[in-house]
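[1] Build me a model from this:
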Amino acid sequence: MGTSENRADRLMSLMEMLRDGQLHRAEDLAAALGVSLRTVYRDMKTLMGSGVAIEGARGTGYRAQAALTLPPLNLTEAELEALHIGLAVVGTGMEGELREAAESLSAKIDAMLPEEVGGVTQGFGFASYPFDVSARALRHLEPLRTAIRGKQKLCVRTSESAQDVRPLKLSYWGRVWVLAVWDETGNGFAELRVDQITEITPLPGLFVEEPGKSLRDFEAQG
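    Numbers count the residues shown, from 1 in each chain. Purely as a prediction, here's the structure:
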């Protein structure tokens, strides 16, 4: 239970043990989970920092306050993306209690995700970027997906440059969408943050897969 791959399971187990409303000593929690006392302290700090209703401190014990608890959910990458699109919309379009709830929910999701997802060593990063980053990327997602499916060359502009690219793949890294491309301007593969794109212009003609320039070649880079 002490490895990063099992962090999400461990945090869920902690919540399950605390939800009875009784006071639990950190030593007992550590023994039940088979981890160090330091790991329990770190996990409790993570849960409380993400908005989970827990009261207590080192030396006294911990208990969960009354709160709605959902059963464990297994989400696909697409479902996770849809969830955070919704959170981005609420976070940018609402004020007050709803905005605070969206931020709190996002932090709770971040706390329950494994530390290594999709090859990202520092976790999925839901708390790393403000909501407006997601919102800025939303308007580009559909035209980019269409261009990927249709193998349409694009001119992609940011505030600093313009590149003629072959769009290959959209990836979602926790509120940040990244576009993998073959950059015809730079003659190599590149990854562009979608929220930093200011304009997308379709170019004449389509592209066909060529050795060294395909999605398979991009992914083979490791």
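[2] worst-scoring helix or strand of the chain, pLDDT-wise?
    The helix or strand of the chain with the lowest confidence, counting by mean pLDDT, DSSP states H and E, is helix 77-93 at a mean of 69.
[3] ok, then the element right after it?
    helix 97-112 (DSSP states H and E).
[4] so how far is that next one from its chain's centroid?
    13 Å (C-alpha atoms, centre = their mean, to the nearest Å).
[5] and it, which residues are buried?
    102, 103, 105, 106, 107, 108, 109, 110, 111, 112 (16 or more other C-beta atoms under 10 Å). Every C-beta, even on glycine, is put in place using the N, C-alpha and C of the backbone.
[6] Which secondary structure elements does that helix sit against?
    Using 3 or more C-beta pairs under 8 Å, 6 or more residues apart in numbering; DSSP states H and E as the contact test, the elements touching helix 97-112 are helix 7-18, helix 37-49, helix 77-93.
[7] Please work out the angle formed by the directions of it and helix 37-49.
    160 degrees (axes from the mean of the first three to the mean of the last three C-alpha atoms, to 10 degrees).
[8] Helix 7-18 and helix 97-112, what's the angle between them?
    Using the same axes, to 10 degrees: helix 97-112 against helix 7-18 is 110 degrees.
[9] right, and the helix or strand after helix 97-112?
    helix 131-150.
[10] and residue 167, which of the three is it?
    strand (DSSP: H, G, I helix; E, B strand; the rest coil).
[11] Return the distance of it relative to residue 207.
    For residue 167, the distance to residue 207 (C-beta to C-beta, to the nearest Å) stands at 9 Å.
[12] So between the two, which is more surrounded?
    Taking other C-beta atoms under 10 Å, residue 167 and residue 207 do not tie; residue 167 has more neighbours (26 against 19).
[13] which residues touch the more buried one?
    Residue 167 makes contact with 144, 147, 148, 152, 154, 179, 180, 181 under the criterion C-beta atoms under 8 Å, 6 or more residues apart in numbering.
[14] how does it look with 6 Å?
    Residues counted as contacts of residue 167 (C-beta atoms under 6 Å, 6 or more residues apart in numbering) are 144, 147, 148, 154, 181.
[15] And for residue 47?
    By C-beta under 6 Å, 6+ apart, the contact list for residue 47 reads residue 54.
[16] ok so, going back, could the helices and strands packed on helix 97-112 be laid out in JSON lines, adding distance to residue 185?
    Converted to JSON lines, these look like this (distance: least, C-beta to C-beta, whole Å):
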{"stretch": "helix 7-18", "distance to residue 185": "41"}
{"stretch": "helix 37-49", "distance to residue 185": "43"}
{"stretch": "helix 77-93", "distance to residue 185": "29"}
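[17] what's the closest of those helices to residue 138?
    Among the helices and strands packed on helix 97-112, helix 77-93 comes nearest to residue 138, with 6.7 Å by C-beta to C-beta.
[18] count of residues packed around residue 204?
    The burial count for residue 204: 6, using other C-beta under 10 Å.
[19] Distance-wise, check residue 212 relative to residue 188.
    From residue 212 to residue 188 the distance is 10 Å (C-beta to C-beta).
[20] ditto for residue 42
    As judged by C-beta to C-beta, residue 42 and residue 188 stand 41 Å apart.
[21] From the buried residues of helix 97-112, pick the one nearest residue 75.
    Nearest member of these to residue 75, counting by C-beta to C-beta, is residue 109, at 9.1 Å.
[22] Let me see the confidence value for the closest one.
    If you check residue 109, the pLDDT there is 74.
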